[in-house]
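>>> Build the 3D model from these lines:
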Amino acid sequence: MRFQDTPTASLIAETWIRAARLVFLLLVVALLLPVARGLADAGNECTGGRYMVGEASGAASPLADTVIVVAGGTVSMEPCGEPDRTRIKRTRRGMVLKASWRQCNQDIGKTKLRMRTDADCQKARGTLVTQTPRSRVRFETSHRCEVAILCTPQTIPVDTNGDGCENSCLPCPALQCQPGYGPVDTDGDGCHDECEVTVDVACDADRDCSSDNRMYCAKPSASCGSAAEDAPGVCRIPPQNCTLEYEPVCGCDGTTYSNACVAAAAGVNVASEGACERTCGSLPLPGVPSGCENNQICDLPPNTCDIADLPGVCVQQPDACAEIYQPVCGCDNQTYANDCVRLQAGVPLQFARACDEPCATVDCPPDSRPLDTNGDGCEDACEVAYDIPCTTNSDCWWRSTLYCATAPGTCGESGPGVCTAAAGACTMEYDPVCGCDGMTYGNGCSAAAAGINIDTTGACDSTR
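Numbers count the residues shown, from 1 in each chain. Next comes the predicted model:
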């Protein structure tokens, strides 16, 4: 018995065929969807970059300003270098990195890094832990570069596309130095960028050293004006960094510099220590010119605040001062941290201590008197009062340079005498005297220099 085709049977068959096709398409989609997602993830995958740990919160860390570099499957971090263990996992949401160092460097011990980036590596956050010294820093950063550039010696990394990241290496530029000079690397990038004197190049003037004013002819102190013509000089590069220590010197240009290094930085030789002795007017008054140039003040002697018509010295007002606390009191009755700060304020000196600091009491022995040795208005030492009566040298025990001077011809007798300082320098005049020690001296001063009293004038009688 044969079934005959009917419209209903044809419709059912066609429906089954369409259903089979739909099932096939769904299977294809199900198979291809993971692949498509993988391709999409690969397109957005974080490949790494350069991240700086800055503005960190938490305890102070020796790695608070370090740079983390992720390139390909490697990690490095200044100053630790490449880690001993690394694990990098990349997902659609970004990159997860774990790294550890058994020993970062000689100063920093065991170190661990945990870091996560966003999907396109624009931002990163993480934790940096050091065991020695113990610290823990949480950080967030958005600084990054696509590729970390490691260049070979004699080449330097450069940014060729202007995106702020180094992306290529170029050879160091050639540097030609004149005889007597050698190339040096001043910024530590591995390339020579300046020429320094490698041997002492003699000079008479600055023009003998360089045509671009990069060097000057350094000469000994006090070699200024006509004295500089005969003084030997050596070409030197002016120093770039000087301390803020205030030890003024007077330059050969008549300007007072805060210290010798600052003078050398200006390419100026030193005429003398201390401020330039350019005299100026009396006690400064508002609106009254002092006779000094701009950025100078008329500095007066200490403890002369209320005295008019005194000569002063023009002193350069310093641009910066060291943070050293050696208080001084100004004539405005204000205490300044140190004398340099006082000069910055343009105030004359009253005395070299804090305004509200009382003087200490100095107890001196009967043979001495109190003395102010540092100009702070306080007696701080004892000065031996000479002309103390004595009979023998033992009576002048308080100072080894004293002896009991007696009248000539009183050798062996008990005074009277006076404690007297032994002479420091004598003439070569030959006017012999015989000392109480039986020795002949060239003159009376020579005997006094030896701490010996005079027995008789003339040479000693060798027959006695």
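
>>> can I see the domain layout of this protein?
48-142, 174-237, 296-351, 389-457 (the TED database).

>>> Between those domains, which has the poorest mean confidence score?
Lowest mean pLDDT of those: domain 174-237, a mean of 76.

>>> follow-up on the earlier one: need the domains of the chain in TSV with distance to T243 and mean neighbour count, can you?
From N, CA and C alone the C-beta is placed, and that goes for glycine too. Formatted as TSV, the domains of the chain follow (distance: least, Cβ to Cβ, whole Å; neighbours: other Cβ atoms under 10 Å):
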stretch	distance to T243	mean neighbour count
domain 48-142	25	17
domain 174-237	18	15
domain 296-351	7	18
domain 389-457	37	16
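
>>> Just tell me which of those ends up closest to Q154.
domain 174-237 (6.8 Å; Cβ to Cβ).

>>> Of all the domains of the chain, which one is nearest C276?
domain 296-351 (6.7 Å).

>>> Return the distance of the closest one from the chain's centre.
A distance of 25 Å separates the centroid of the chain from that of domain 296-351, by Cα atoms, centre = their mean, to the nearest Å.

>>> How about stretch 91-110?
The answer for stretch 91-110 is 33 Å, by Cα atoms, centre = their mean.

>>> Which residues does that stretch contact?
Contact with stretch 91-110 is made by 41, 44, 46, 48, 62-63, 70, 75, 77, 79-81, 83-90, 111-119, 121, 126, 130-133, as judged by Cβ atoms under 8 Å, 6 or more residues apart in numbering.

>>> do stretch 354-367 as well
327-330, 333-335, 370, 377-382, 384-385, 388, 398, 419.

>>> For C242, see how far away P62 is.
Per Cβ to Cβ, to the nearest Å, P62 is found 29 Å from C242.

>>> Repeat that for R138.
From R138 to C242 the distance is 40 Å (Cβ to Cβ).

>>> Just to be sure, which of the contacts of stretch 354-367 are found in strands?
Counted as lying in strands by DSSP state E, out of the contacts of stretch 354-367, are V328, C329, G330, T335, P370, A381, C382, V384, C419.

>>> Just give me the residue closest to the centre of the protein.
T243 (5.6 Å; Cα atoms, centre = their mean).

>>> Skipping its backbone neighbours, what lies nearest Q350 in space?
Counting by Cβ to Cβ, 6 or more residues apart in numbering, Q350 lies nearest to C329, which is 4.5 Å off, once chain neighbours are set aside.

>>> isn't D431 right next to N443, touching?
Yes - the pair D431 / N443 is scored as a contact, 4.5 Å apart, by Cβ atoms under 8 Å.

>>> The residue nearest to the centre of the chain against I324, yeah?
No - applying Cβ under 8 Å as the test, T243 and I324 come out as separate, 10.5 Å apart.
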